[in-house]
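In: What shape does this take:
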Amino acid sequence: MIKIDGLTFDYPGHRALNEVTFAVDSGSVTALVGPNGAGKTTLMRCIAGLETPLVGSITVNGMDVIEQPRQAHRFMGYLSDFFGLYQDLTVAQCLEYAAATQGLPADEIPAAIELTASRLNLGGLLNQSAGSLSRGQRQRAAIGQAIIHRPKVLLLDEPASGLDPEARADLASLFRQLQADGMTLLVSSHILAELDEYSTHMLALSDGRILENRELKPSRLAETVRYLHLELASADDRLHEWLNQNPQVILRSATPEHAEFDFNGDVSAQARLIRELVEAGFLVCSLASHKENLQQSYLRSIATHRENLP
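Out: Numbers count the residues shown, from 1 in each chain. Okay, the predicted model is just below:
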């Protein structure tokens, strides 16, 4: 849905993006993560057609954003970190204006407002002025402006900033629903625990370069190398040596009571491993996949990047 090739962007005296190349799958929710100054906001603004890069190409849904930014806006929604609402307009008028500017036919706008208000729990606020809303309500209204024209791609820069835990949970639920409806989301946030709830991919950025772009939650059947955690009901000094002799096991750590290792095999091979452990006399208490959360994955990417620096 999004393809970036060789994207470079300069501010005076500073290179914000340096030969960035990646692709975003249709229907995915990609977490854009990285430290302050990594280039995340600049990247989003380039994808949204609001900044012109020095070199490189950007296509969204097959359309060249650099050559045709206005046309590309028709199937993109964008929420800036510093979004704006017209203070003297009602919420309904803000949504109506956003729908009209995106070219939605006039006879479709009332239904679009109703659907958007329902999705974002704004029904009771439609007649209130935007200037009277709380921070969380303003955030929901701004997201409503970004999705009212039913875009194929939604770009969100720090969408949960300033929201309370309940509002963040509602936001995560909304993003999952938008993905289920076929929308592709690219979400930048410093709140990695929140991103972990709904993201399917991670795009890690640092110093204007891509550190990693990968799927976070591959399907159970597609996963062939598993990070497993083994627990024994009682200590057994043979465990380390026994696991080391298995060609499908790459040990990370082991004690007489438990072990963590990478296992190269599908669920059937995992079942055989359990049977062999039991037959060898080990009192297996549990054997389960150990999943990295988004924060662990991001920190590992940063650590690997630093190790490879000259």
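
In: Which stretches in the stretch 201-310 of the chain count as strands?
Out: Shown for the stretch 201-310 of the chain, the strands assigned by DSSP state E, counting those that start in this stretch span residues 201-206, 209-215, 225-232, 249-254, 258-264, 284-289.

In: Among these, show the one with the smallest mean pLDDT.
Out: Mean pLDDT is lowest for strand 225-232 among the strands of the stretch 201-310 of the chain, at a mean of 86.

In: Kindly export that strand (C-alpha atoms) in CSV.
Out: What follows is strand 225-232, C-alpha atoms only, in CSV (Å, rounded to 0.1, in the frame of the first residue of the first chain):
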residue,chain,number,x,y,z
VAL,A,225,11.9,-20.8,14.5
ARG,A,226,10.4,-20.4,17.9
TYR,A,227,11.8,-18.9,21.1
LEU,A,228,10.7,-21.5,23.7
HIS,A,229,10.7,-21.5,27.5
LEU,A,230,11.0,-24.9,29.3
GLU,A,231,10.1,-25.4,33.0
LEU,A,232,10.7,-28.6,34.9
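
In: Give me the helices and strands touching it, please.
Out: helix 239-244, strand 258-264, helix 267-279, strand 284-289 (3 or more C-beta pairs under 8 Å, 6 or more residues apart in numbering; DSSP states H and E). (C-beta placed from N, C-alpha, C; glycine too.)

In: thinking again about what came up before, mind putting the strands of the stretch 201-310 of the chain into CSV with distance to Pro165?
Out: Shown next, in CSV, are the strands of the stretch 201-310 of the chain (distance: least, C-beta to C-beta, whole Å):
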stretch, distance to Pro165
strand 201-206, 23
strand 209-215, 28
strand 225-232, 29
strand 249-254, 34
strand 258-264, 32
strand 284-289, 28
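
In: got those strands as TSV, with mean neighbour count and distance to Met63 columns?
Out: Below are the strands of the stretch 201-310 of the chain laid out as TSV (neighbours: other C-beta atoms under 10 Å; distance: least, C-beta to C-beta, whole Å):
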stretch	mean neighbour count	distance to Met63
strand 201-206	22	21
strand 209-215	17	21
strand 225-232	17	37
strand 249-254	15	45
strand 258-264	17	42
strand 284-289	13	40
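
In: I'd like to know which of these lies nearest to Gly136.
Out: strand 201-206 (26.4 Å; C-beta to C-beta).

In: what angle sits between that closest one and strand 209-215?
Out: For strand 201-206 against strand 209-215, the angle by axes from the mean of the first three to the mean of the last three C-alpha atoms, to 10 degrees is 170 degrees.

In: Need the residues that contact strand 201-206.
Out: Under the criterion C-beta atoms under 8 Å, 6 or more residues apart in numbering, residues 20, 22, 24-25, 28-35, 38-40, 43, 186, 210-216, 294, 297-298, 301-302, 305 lie in contact with strand 201-206.

In: where in the chain is pLDDT low?
Out: For the chain, the stretches with pLDDT under 70 are 217-225, 290-310.

In: Tell me which stretches of it form helices.
Out: 40-47, 69-73, 91-101, 109-119, 135-147, 165-180, 192-196, 239-244, 267-279, 294-307 (DSSP state H).

In: which of those is buried the deepest?
Out: Across the helices of the chain, averaging neighbours per residue (mean count of other C-beta atoms under 10 Å) puts helix 40-47 on top, at a mean of 23.
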